[in-house]
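Peer 1: Here is a sequence with its predicted model. Questions after.
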Amino acid sequence: MIDLRVVESADGDALHAIFTEPGVRRFLFDDLELTRVQTQEHVDAASAQGGWTIRRDGGIVGLVALRPVGADRELIVAVSERHWGSGAALQAARQAMRHGFECLGLARILATVDLPNERSHRLMARLGFAPTGEGDGPKYRFRRYEALRRSGT
């Protein structure tokens, strides 16, 4: 079972360790290894925008956020390689989406996944996201997704 807590500036060291793992940075940061200062900029932005650390057994195993993109919000999920396949990303994304639909009153949530990132495409399907198009990214082509609030939510 995972627990979400609001991102704090002090979470930077733990998140830097995750963001610089080869499998995490491959798609999240187009395989660029962030400096500690760059990680802190992402942590501070996530803190200001209402992101959450994903915690398991008291330790930080990832980050989930609903990043503002224009009038919409985009789901961002990053989980340590050590926790891939554990259900942490699915649980965290579901909790973030529930917050977006129920607390923020969002009509839809967006997501963007690099085409070679099969693990994240499977996650989008499990979360009920539908593909809406493709585009060219800095390193990879990507697929856009959206999840719509169900009636009654």
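Peer 2: It's in.

Peer 1: contacting residues for R67?
Peer 2: Neighbouring residues of R67 by C-beta atoms under 8 Å, 6 or more residues apart in numbering: 46, 49, 51, 73-76. Yep, even glycine has a C-beta here, placed from its N, CA and C like the rest.

Peer 1: rerun at 10 Å
Peer 2: Contact analysis of R67 by C-beta atoms under 10 Å, 6 or more residues apart in numbering lists 45-46, 49-51, 73-76, 110.

Peer 1: Show me which helix runs longest in this protein.
Peer 2: For the chain, the helix reaching the highest residue count under DSSP state H is reported as helix 36-48.

Peer 1: Which strands or helices does that one pack on?
Peer 2: Counting contacts by 3 or more C-beta pairs under 10 Å, 6 or more residues apart in numbering; DSSP states H and E, helix 36-48 packs against helix 12-19, strand 52-56, strand 59-69, strand 72-79.

Peer 1: and the third one with strand 52-56, angle?
Peer 2: Spelled out, it's strand 59-69. Orientation note: strand 59-69 sits at an angle of 160 degrees relative to strand 52-56 (axes from the mean of the first three to the mean of the last three C-alpha atoms, to 10 degrees).

Peer 1: Can you tell me the element R122 falls in?
Peer 2: According to DSSP states H and E, R122 maps onto helix 118-127.

Peer 1: these two touch, right, G100 and L66?
Peer 2: Yes - at 5.0 Å, G100 counts as touching L66 under the criterion of C-beta atoms under 10 Å.

Peer 1: what's the average pLDDT for the longest helix of the chain?
Peer 2: What helix 36-48 shows for mean pLDDT is 95.

Peer 1: re the thing from before, anything in contact with each of G100 and L66?
Peer 2: Shared contacts of G100 and L66, counting by C-beta under 10 Å, 6+ apart, come down to 50, 72-73, 75, 106, 109.

Peer 1: Give the helix, strand or coil label for the residue nearest to D136 when sequence neighbours are not counted.
Peer 2: In space, and not counting its chain neighbours, D136 is closest to F142: 7.8 Å by C-beta to C-beta, 6 or more residues apart in numbering. Of the three states, F142 takes strand under DSSP: H, G, I helix; E, B strand; the rest coil.
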